[in-house]
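Engineer: quick one: sequence and predicted model below, then my questions.
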Amino acid sequence: MNSEEKKIIAKNWFENLRNSICKEYEDIEYKKSKKKTLFQKTNWKAGGSSKGGGVFSLIKNGTVFDKVGVNISTVSGKFNNEFRKKIPGALKNPNFWASGISIVAHMKSPKVPAFHFNTRFIVTTKSWFGGGMDMTPCIKDTNQKKYFHSKIKNMCDIHNKKYYPEHKKNCDNYFYLPHRKEPRGDGGIFFDYLNSNNWSKDFNYTKDVGATFLKVSSEIIKRKMFLKWNDKDKDKQLIKRGRYVEFNLLYDRGTKFGLNTNGNIEAIFMSLPPLAKW
């Protein structure tokens, strides 16, 4: 299988996963509101010298989702002189191709945690997969955290017994606010530069990460979306969202990558909540 075939296969998977997640989340909205709520989709094109683009899909002010965005993109171009130093295989040759999916879900109810997920395939003179998922509750729930991590671990262990401890550690280290000296949430898994020299094996793992996110996020949302909450709970949620904003603007690699590859600004900042508090 050559590089171009791999690109097409990966791109198609991200698009199919987008469709599955959007349908599931629309069904969840319907279960609570009994009204048909659909994602509003917007096409966008890469700016500057980059080519390609993507589609970001959005539900705002739903009965379950305060704001949920699902973005898919496929772009190519050249890294700028400063950014290419940070990307494997780009120092001598700045050309790149990248395709991926990114999801952030902020909930109406403070009892339901926020979710983040992304996976991507990037090609320079080298190629690799990256991504992961994490969960950010504003109200602690030990059983919920155990359930979330057990599902992820079971999936990881099918592929490689080392993946869960390694990728969990990556997530704990990455989704951390140094200036606050606190984690962003309950963690999950995070991996980057995954290339075992077996493309099919790495791709299958990446696909399972996406399938597991869809299943576990859906199950947790359905369990908690009918629970009652009060103003005190909402205040906790808005303060926690403030931490979320701080992380995404100061440290998030995806935000930096999008800004350095002429990505769509609305899609890049899709992850920010509609309301936050400090």
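Structural biologist: Structure's in. What do you need? In this text the structure is predicted, and so the values were computed from the model without any measurement.

Engineer: average pLDDT for the helix or strand harbouring Cys156?
Structural biologist: Element membership for Cys156, per DSSP states H and E: helix 142-159. Averaged across helix 142-159, the pLDDT comes to 98.

Engineer: over to stretch 1-17?
Structural biologist: 96.

Engineer: helices or strands next to the helix holding Cys156 in the packing?
Structural biologist: On a contact count with 3 or more C-beta pairs under 8 Å, 6 or more residues apart in numbering; DSSP states H and E, helix 142-159 meets strand 127-136, helix 163-174, strand 188-194, helix 199-224. For the C-beta atoms, the positions are set from N, CA and C on the backbone; glycine is no exception.

Engineer: grab the most central residue of the protein for me.
Structural biologist: Central residue of the chain (C-alpha atoms, centre = their mean): Phe117, 2.4 Å from the mean position.

Engineer: OK, contacts around the most far-flung residue of the chain relative to its centre?
Structural biologist: Centroid-distance maximum for the chain: Lys92 at 29.6 Å, with C-alpha atoms, centre = their mean. Lys92 sits next to Thr125 when contact means C-beta atoms under 8 Å, 6 or more residues apart in numbering.

Engineer: am I right that it falls within a strand?
Structural biologist: No. In this structure, Lys92 is coil, not part of a strand, as judged by DSSP: H, G, I helix; E, B strand; the rest coil.

Engineer: circling back: and the helix holding Cys156 with helix 163-174, angle?
Structural biologist: Calculated by axes from the mean of the first three to the mean of the last three C-alpha atoms, to 10 degrees, helix 142-159 forms an angle of 130 degrees with helix 163-174.

Engineer: quick check: the nearest residue to Gly258 once chain neighbours are set aside vs Leu259, distance?
Structural biologist: With C-beta to C-beta, 6 or more residues apart in numbering as the criterion, Gly258 has its nearest non-adjacent residue at 3.9 Å, and that residue is Ile268. As judged by C-beta to C-beta, to the nearest Å, Ile268 and Leu259 stand 6 Å apart.

Engineer: okay, those two: which has more neighbours?
Structural biologist: For Ile268 versus Leu259, neighbours defined as other C-beta atoms under 10 Å are more numerous around Ile268 (22 against 13).

Engineer: so how far is Thr255 from the more buried one?
Structural biologist: 6 Å.

Engineer: wait, Gly69 sits on Phe56?
Structural biologist: Yes. Between Gly69 and Phe56 there is a contact under C-beta atoms under 8 Å: 5.9 Å.

Engineer: residues near the closest residue to Lys60 other than its chain neighbours, how many?
Structural biologist: Excluding its sequence neighbours, the residue lying closest to Lys60 (C-beta to C-beta, 6+ apart) is Lys67, at 5.2 Å. Here the number of neighbours of Lys67 (other C-beta under 10 Å) works out to 21.

Engineer: next one: Phe203
Structural biologist: 18.

Engineer: surely Ile103 is within a strand?
Structural biologist: Yes. The assignment for Ile103, made by three-state DSSP, places it in a strand.

Engineer: got a list of what it touches?
Structural biologist: Ile21, Val68, Gly69, Val70, Asn71, Phe115, His116, Phe117, Asn118, Phe213.

Engineer: next one: it, what pLDDT does it get?
Structural biologist: Reported pLDDT for Ile103: 96.

Engineer: beta partners of it?
Structural biologist: Val70, Phe117 (DSSP bridges).

Engineer: do you know how far it is from Asn16?
Structural biologist: 14 Å.

Engineer: which element is Pro273 on?
Structural biologist: Per DSSP H and E: Pro273 is located in neither a helix nor a strand.

Engineer: ugh, typo on my part, it should be Gly54
Structural biologist: Counting by DSSP H and E, Gly54 is part of strand 51-60.

Engineer: before we move on, what about Arg243?
Structural biologist: With DSSP H and E as the criterion, Arg243 is inside helix 231-250.
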